[in-house]
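Colleague: just the structure for this:
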Amino acid sequence: MRSKLVTVRKVLSRVVAALAATVVVSLLLPVAPASAHGQLATSTPLKGTVVREPLTQLALYFTEKPASNAHFAISGPDGSRVDNGWSYGEPKRLDKPVTEYFMVNGVFEPRLYHTGFPAMVTVAHWPAKGRYTASYLSVASDGEAVRGEVAFDYQGPGTPAPAGWSAPTAGPDPALLAQAEGEGSTNSGASGSPVAPTGAAADNPAGAAQEQRGGGFPAWLVPALIVVVVSAIVLVAARRRPATRGSSAVDRRSAGGAGRGGAATRKSANPPRKTGNRAGGPARRGRR
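Modeller: Numbers count the residues shown, from 1 in each chain. Purely as a prediction, here's the structure:
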């Protein structure tokens, strides 16, 4: 019985080790790259930085020219908008190329982009210090929705609004919004992060880390569940077998003890015959 228990434990350890190795390999495999196109490559100012001088424009650089009806907005600390329209700027060479992936015959193929195409968003004024957010919505040439935001901290002096200027309230063009919503993709641009293989932060001009599109079922979760289920089955089997054998042996022993006890009971139930009659026989004969 002990040898069989040792064998079960060895098998269990091998199974667990093999499945653990499977989990490790699956975790080390690269995540499927996103196929988003026309994403944000860099910006001026960069995301998460501190601005100490009042800028007249913010520059958002994309891997392709934004759509002509793209929507840009800049919100101040109190949520009110301070943007005053946008225009195309001069393309510039990126410090580091940005990689985007295209699906070709079922396989993601990388393409490097060395040029950033800017949208220059005019800032009407800087009403107060605090957090400002530049948001954008566009559609790439392949129909992908391009959306996201760049937030930064302004610690410069306040500036007055231009004469006759009023905060804009118009939202995205209905056609643009319908096209973006119809595409149904909230990709890596939603966080202001371009798609690049370097794993850089979102405020890195070279781009940010790859992200798995769609946020689907994690690939590593399947082998992890297999490990848990198989380990539980083997452990239960290993515990039940020795317990069953041990209980059967105990049952046999108790049954044997009960049998011997029954025999003893039967023997004690028949007491030995008394010899008083034999002794009394002669006495009765003596009386006669």
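Colleague: mind listing what residue 123 touches?
Modeller: Going by CB atoms under 8 Å, 6 or more residues apart in numbering, residue 123 touches 54-58, 74, 82-84. Any C-beta I mention is one placed from the backbone N, CA and C, and that applies to glycine too.
Colleague: pull out the buried residues from those residues.
Modeller: Buried members of the contacts of residue 123, counted by 16 or more other CB atoms under 10 Å: 57-58, 74, 82-84.
Colleague: what are the ranges of the strands in the stretch 101-250 of the chain?
Modeller: In the stretch 101-250 of the chain, the strands defined using DSSP state E, counting those that start in this stretch lie at 107-123, 130-139, 145-154.
Colleague: how about the helices in the stretch 51-200 of the chain?
Modeller: 174-183 (DSSP state H, counting those that start in this stretch).
Colleague: okay, now the unreliable bits of it?
Modeller: Low-confidence segments of the stretch 51-200 of the chain (pLDDT under 70): 183-200.
Colleague: how much space separates the closest residue to residue 127 other than its chain neighbours from residue 45?
Modeller: Counting by CB to CB, 6 or more residues apart in numbering, residue 127 lies nearest to residue 76, which is 5.5 Å off, once chain neighbours are set aside. Distance, residue 76 to residue 45, by CB to CB, to the nearest Å: 15 Å.
Colleague: go on, residue 132?
Modeller: 9 Å.
Colleague: what is the neighbour count of the residue nearest to residue 127?
Modeller: Residues lying near residue 76 (other CB atoms under 10 Å) number 21.
Colleague: so it is in contact with residue 82, correct?
Modeller: Yes - if you go by CB atoms under 8 Å, residue 76 and residue 82 touch, sitting 5.2 Å apart.
Colleague: what is in contact with those two at once?
Modeller: By CB under 8 Å, 6+ apart, the residues touching both residue 76 and residue 82 are 126-127, 132.
Colleague: as a markdown table, those with distance to residue 109 and neighbour count would be great.
Modeller: Listed next are the shared contacts of residue 76 and residue 82 as a markdown table, based on distance: CB to CB, whole Å; neighbours: other CB atoms under 10 Å:
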| residue | distance to residue 109 | neighbour count |
| --- | --- | --- |
| 126 | 44 | 21 |
| 127 | 47 | 18 |
| 132 | 38 | 22 |
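Colleague: possible to save these as CSV with distance to residue 41?
Modeller: As requested, these are exported to CSV (distance: CB to CB, whole Å):
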residue, distance to residue 41
126, 25
127, 29
132, 20
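Colleague: and which of these is nearest to residue 62?
Modeller: residue 132 (19.8 Å; CB to CB).
Colleague: which non-adjacent residue is nearest that closest one?
Modeller: Counting by CB to CB, 6+ apart, residue 132 lies nearest to residue 154, which is 5.2 Å off, once chain neighbours are set aside.
Colleague: how near is that neighbour to residue 169?
Modeller: Taking CB to CB, one finds residue 154 at 22 Å from residue 169.
Colleague: closest to residue 38 out of the strands of the stretch 101-250 of the chain?
Modeller: Nearest to residue 38, of these and by CB to CB, is strand 145-154 at 5.0 Å.
Colleague: buried residues of the closest one, list them for me.
Modeller: 145-152, 154.
Colleague: burial count for residue 88?
Modeller: The burial count for residue 88: 13, using other CB under 10 Å.
Colleague: spit out the contact partners of it.
Modeller: 65-66, 117-120.
Colleague: list the beta-bridge partners for residue 81.
Modeller: When bridges are assigned using DSSP bridges, the partners listed for residue 81 are residue 75.
Colleague: next up, the contacts around it.
Modeller: The contact partners of residue 81, by CB under 8 Å, 6+ apart, come to 73-75, 167-169.
Colleague: dump the residues you listed into CSV; add distance to residue 110 as well.
Modeller: As requested, the contacts of residue 81 are exported to CSV (distance: CB to CB, whole Å):
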residue, distance to residue 110
73, 32
74, 33
75, 35
167, 42
168, 38
169, 41
